[in-house]
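[1] have a look at this prediction, sequence included:
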Amino acid sequence: MTALGSQGSIGCAAPRPALFTAYPRLAAHIAHLPLGDFPTAIERIPGLLPGGCELWVKREDRAGLRYGGNKVRKLEFLLADAKRRGAGSLITIGGLGSNHVLATAIYGAGQGLSVDAVLFPQPIADPGRAHIRQNLLAGLAAGLRPHVCRSYAALSWTLPTTYLRLWRSAKAQASALTYVSGGGSNAIGTLGWWSGGLEITQQIERGEAPRFDAIYLALGSGGTTAGLLLGLGGLVPVCSEIVAVRVVPWPLSTHAAVQRLAGAALQHVGAALDVRFSLAAFPRLRIESRFLGRGYGHSTPEAQHALSRAADLGLRLDPTYTAKAFSALWADDQAGRLRGKRVLFLHTYSSQPLAVAGDAALGLRSLPAWLAAALDRG
């Protein structure tokens, strides 16, 4: 039995993922592609929070030169696994302006994989309209083939019928089609953030950052939070609490969902190493629901305030994920809950400039007319 607290020797930073540094035998059993620019820095950001909290930021926004954000770590394992299985094409799912879909399109194309995505509705209104438009155009520029659902009801038949058609096409070409879970959150994708949590642990042990009282991040599909629980755990966890701020409603983002993903990742690694992992100590997990607003894709006044304050100090947030997570941190700081504490904010939104097709109007015309008109409004 291997305890999570016994995570192997932790030495100097290496180009391979921290998961393989901690468990060297895994490299022979689990496929991995070096897509990102890791480790990402942990930086002190003074002057942003007025309530006496010592704020640090994990600069995951710089996780890749082509596109940053928290999806890059997941895709390093997901795309490697797809290629190991002989995939020539991928299909995934996400909202109209999904960062996951965009990251999959960009990095999938870089690996010679075609990417289709079934897109479900999200609010197309300011301030989120520009974000959706930008991500869709950048995805199209990367070769994304979108299949747009006008309603959630349509999703129930669009996803299976699209998958079946693409599977038949791949089979006819002696290739394979791989389904990538929404948000990249399954047992394999969660390995990316198990590795990310270990990276934070290694940075703390090297003296590059202090131990933290809390880490704040957005909670969507759950793979990032689940991986962090594993990577930050151990005989003496380097962080007391993970505050996961809901950006999608219950029951999609729950303790049980996060625990299932963490358990699936543990089983996957245990099977690869032919060992059974024991669950050592982990940070507390608090799921914060007060800042969701009207639901997925809807911004809030608190998020807009957080977005504006962060921009003043050079942090580029998005209105419906990272801004909601930061608004929860801001509220806790204002209430005095974080006075004298060290807090790490996981900045999961890419700050890299996007390559968008030169003719935006042409890109919009490739979308359904109702969607193109909604995106071009205002």
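    Arrived safely, thanks for sending.
[2] could I get the buried residue list for stretch 335-355?
    For stretch 335-355, a neighbour-count test (16 or more other C-beta atoms under 10 Å) marks 338, 341-352, 354 as buried. For every residue, glycine as well, the C-beta is placed using N, CA and C.
[3] now the helix or strand hosting residue 168 - C-alpha only, CSV.
    Here residue 168 sits within helix 152-172, counting by DSSP states H and E. The C-alpha trace of helix 152-172 is given here as CSV (Å, rounded to 0.1, in the frame of the first residue of the first chain):
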residue,chain,number,x,y,z
TYR,A,152,-30.6,22.0,-23.9
ALA,A,153,-33.2,19.5,-25.1
ALA,A,154,-31.5,19.3,-28.4
LEU,A,155,-28.3,18.2,-26.7
SER,A,156,-29.8,14.9,-25.8
TRP,A,157,-29.9,13.8,-29.4
THR,A,158,-27.3,16.0,-31.0
LEU,A,159,-24.4,14.5,-29.0
PRO,A,160,-25.1,10.8,-29.6
THR,A,161,-26.0,11.2,-33.2
THR,A,162,-23.0,13.4,-33.9
TYR,A,163,-20.8,10.9,-32.1
LEU,A,164,-22.2,8.0,-34.1
ARG,A,165,-21.7,9.7,-37.4
LEU,A,166,-18.1,10.7,-36.6
TRP,A,167,-17.3,7.2,-35.2
ARG,A,168,-18.5,5.6,-38.5
SER,A,169,-16.4,8.1,-40.5
ALA,A,170,-13.3,7.4,-38.4
LYS,A,171,-13.8,3.6,-38.7
ALA,A,172,-14.1,3.9,-42.5
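[4] which elements pack onto it?
    strand 87-95, strand 114-120, strand 176-180 (3 or more C-beta pairs under 8 Å, 6 or more residues apart in numbering; DSSP states H and E).
[5] tabulate the buried residues of stretch 335-355 (CSV), appending pLDDT, distance to residue 302 and secondary structure.
    Output for these, formatted as CSV (pLDDT from 0 to 100; distance: C-beta to C-beta, whole Å; DSSP: H, G, I helix; E, B strand; the rest coil):
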residue, pLDDT, distance to residue 302, secondary structure
338, 94, 16, coil
341, 95, 21, coil
342, 95, 23, strand
343, 96, 17, strand
344, 97, 20, strand
345, 97, 15, strand
346, 98, 18, strand
347, 98, 18, coil
348, 97, 18, coil
349, 97, 17, coil
350, 96, 22, coil
351, 94, 22, coil
352, 92, 26, coil
354, 87, 26, coil
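[6] farthest-apart pair in those, please.
    Spanning the widest gap among these are 341 and 354, at 35.3 Å by C-beta to C-beta.
[7] how far does stretch 338-345 sit from the chain's center?
    23 Å (C-alpha atoms, centre = their mean, to the nearest Å).
[8] on that earlier part again, now the helices and strands packed on helix 152-172 as JSON lines including mean pLDDT, distance to residue 315 and mean neighbour count?
    Formatted as JSON lines, the helices and strands packed on helix 152-172 follow (pLDDT from 0 to 100; distance: least, C-beta to C-beta, whole Å; neighbours: other C-beta atoms under 10 Å):
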{"stretch": "strand 87-95", "mean pLDDT": "97", "distance to residue 315": "23", "mean neighbour count": "22"}
{"stretch": "strand 114-120", "mean pLDDT": "97", "distance to residue 315": "28", "mean neighbour count": "23"}
{"stretch": "strand 176-180", "mean pLDDT": "96", "distance to residue 315": "29", "mean neighbour count": "21"}
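[9] a markdown table please, covering the ones you listed and showing distance to residue 326.
    Converted to a markdown table, the helices and strands packed on helix 152-172 look like this (distance: least, C-beta to C-beta, whole Å):
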| stretch | distance to residue 326 |
| --- | --- |
| strand 87-95 | 20 |
| strand 114-120 | 25 |
| strand 176-180 | 28 |
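[10] what about these, which gets the closest to residue 129?
    Per C-beta to C-beta, nearest to residue 129 of the helices and strands packed on helix 152-172: strand 87-95, 13.1 Å.
[11] what pairs with the closest one, and is each one parallel or antiparallel?
    Sheet pairing of strand 87-95 (DSSP bridges) gives strand 114-120 (parallel), strand 176-180 (parallel).
[12] residue 372 is nearest to which of these?
    Nearest of the strands paired with strand 87-95 (C-beta to C-beta): strand 114-120, 13.4 Å.
[13] same for the next helix or strand after the closest one, what does it pack against?
    For strand 114-120, the following helix or strand on the C-terminal side (DSSP H and E) is helix 129-141. When contacts are defined as 3+ C-beta pairs under 8 Å, 6+ apart, helix 129-141 sits against helix 99-110, strand 145-148, helix 360-365, helix 369-376.
[14] mean confidence score for helix 129-141?
    Helix 129-141 shows a mean pLDDT of 92.
[15] quick one: that helix to helix 99-110, angle?
    On the basis of axes from the mean of the first three to the mean of the last three C-alpha atoms, to 10 degrees, helix 129-141 is oriented at 20 degrees to helix 99-110.
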